[in-house]
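Need the 3D shape of this:
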Amino acid sequence: MTVATIAAGRTRKLPSLAWTLGACHLVARGGAFVQPMLVLYLTQQQRMTPTAAGAVVAAVGIGDFGSQLLGGWLGDRIGRRRTMLLGFLGTAIALAALGSAAATPVIWATAVGYGLAAGLFRPAGSAAVADLPPERRVRAYSLLYWAANLGYAIAATVSGVLAARGYGLLFWLNAVAMLVAAAIVVTAVPETHSGPSHGRRALLPVLRADRLMRTMTLIHVGCFTLLMQAFATLPLLMTAQQFSSATYGAVLALNGFAIVVLQPFAAAVLANRDRATVLATSMLLAGVGGGLAAVSQSIAGYAVAILVLSLGQIGLAVQFGATFAALAPPDLRSGYMGVASSAWSLGAVLGPMLGTALLEQAGRTWLGVVAFAAGILLFLAQQAVAGRLRERQSTEKGTH
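This is a model prediction of the structure:
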């Protein structure tokens, strides 16, 4: 039996909820034409300086970080379905406002609002998958990650073509895509969370008492910081060696291609593997890939580094959602998934800052050394909590 046959057989067992949420991801990410072109829009049409444009992009990141916590909180309070709907409709409104804004303070404020609304779907959608039986979560989360990456590849390809016809078109088509995603939620996504019959618990006190959840979140902040610094420094490393932007784009495209092609097979192979081992190995691969990127001298070397980074991303994606879903109490699943998602958002802020600063101050050799060392430390840290993870996973299976 081939891997493709295994993947196809297991994919057919996915619940309808996973397919509809995957469709939401595909439409929302595939129609996200503004994000890839935002810096060019701000510098070319709005005549902003690169520094000011960078501040606007950072504002989107700030909003996205807040949206993970807000989306998690709302998912447990008003339901997963309503939170998703609020996010998609809010994003459509924020896009219209951002595309119409002219003054810099208004652009910055609407950018925060755009980031805040656009991220609400992720923790709520992740919580909806967490409401599924444990044995069905891994493949469902993998489908969502695969759909999101396929959508991103579509948006990155199409947005450049659309921008040539006018930046305004990007904003309005992006808003339409959000409305289509909202329509999918209204017509096909059921509410999976009925809420407790008694008083709801506050999230923060539970997190304070859950040392394993706090430790896992910190480990993943480190992991996502490591990954994002690698992608942030890659164009600087390549252009310093006189490689063209087209060459950089071709090397980077390997990342999306590898994820889209390999993710379904990885889900089939890794779904029943030990979660801690998969996560730890993926973090080690992130360090190796980041280190290889820093010391590479050729296109082939950079391509190998990207493929190793992609393997790390794929392994993380297969087990990340299911791992945190197993840690979450049933009444706080959305909040826990929001905290988990915020680790990615925080890494996306810290990674580019730390990576570029280290490259500028210490050089590429030290950047590679730090990346390798970080991968090893994260591997050891994840393995150190492996026993407690297995205990929590077995406890959840016994009580489900």
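
Only C-alpha atoms from now on, for both contacts and neighbour counts.
OK.

Test my guess that residue 270 contacts residue 318.
Yes. Counting by C-alpha atoms under 8 Å, residue 318 is a contact partner of residue 270 at 7.2 Å.

of the two, who's got more company?
Between residue 270 and residue 318, counted using other C-alpha atoms under 10 Å, the more crowded position is residue 318 (30 against 16).

ok, that one to residue 269 distance?
10 Å (C-alpha to C-alpha, to the nearest Å).

check contacts around the spatially most central residue of the chain.
In the chain, the residue lying closest to the centroid (C-alpha atoms, centre = their mean) is residue 344, at 6.1 Å. Residue 344 sits next to 220-221, 224-225 when contact means C-alpha atoms under 8 Å, 6 or more residues apart in numbering.

And for residue 203?
Taking C-alpha under 8 Å, 6+ apart as the test, what residue 203 contacts is 73, 332, 335.

can you count the residues close to the first one?
Neighbouring residues of residue 73 were enumerated by other C-alpha under 10 Å; the total is 27.

likewise residue 81?
Counted with other C-alpha under 10 Å, residues neighbouring residue 81 total 22.

Once you drop chain neighbours, what's closest to it?
In this structure, residue 81 finds its nearest non-sequential neighbour in residue 191, 5.4 Å apart by C-alpha to C-alpha, 6 or more residues apart in numbering.

how close does the one you found sit to residue 127?
In terms of C-alpha to C-alpha, residue 191 sits 11 Å off from residue 127.

more crowded one of the two?
residue 127 (30 against 13).

pLDDT value on the more buried one, please?
Note for residue 127: predicted pLDDT of 90.

Next up, the contacts around residue 58.
Residue 58 touches residue 349, counting by C-alpha under 8 Å, 6+ apart.

got a pLDDT number for it?
pLDDT, residue 58: 79.

Please, which helix or strand holds it?
helix 50-77 (DSSP states H and E).

With residue 290 instead?
Per DSSP H and E: helix 275-295 holds residue 290.

Now do the buried residues in the helix holding residue 58.
The neighbour-count criterion (16 or more other C-alpha atoms under 10 Å) identifies 52-54, 56-77 as the buried residues of helix 50-77.

Next SSE downstream of it?
That would be, after helix 50-77 and using DSSP H and E, helix 80-100.

And that next one, what does it pack against?
helix 50-77, helix 104-118, helix 121-130, helix 167-188 (3 or more C-alpha pairs under 8 Å, 6 or more residues apart in numbering; DSSP states H and E).
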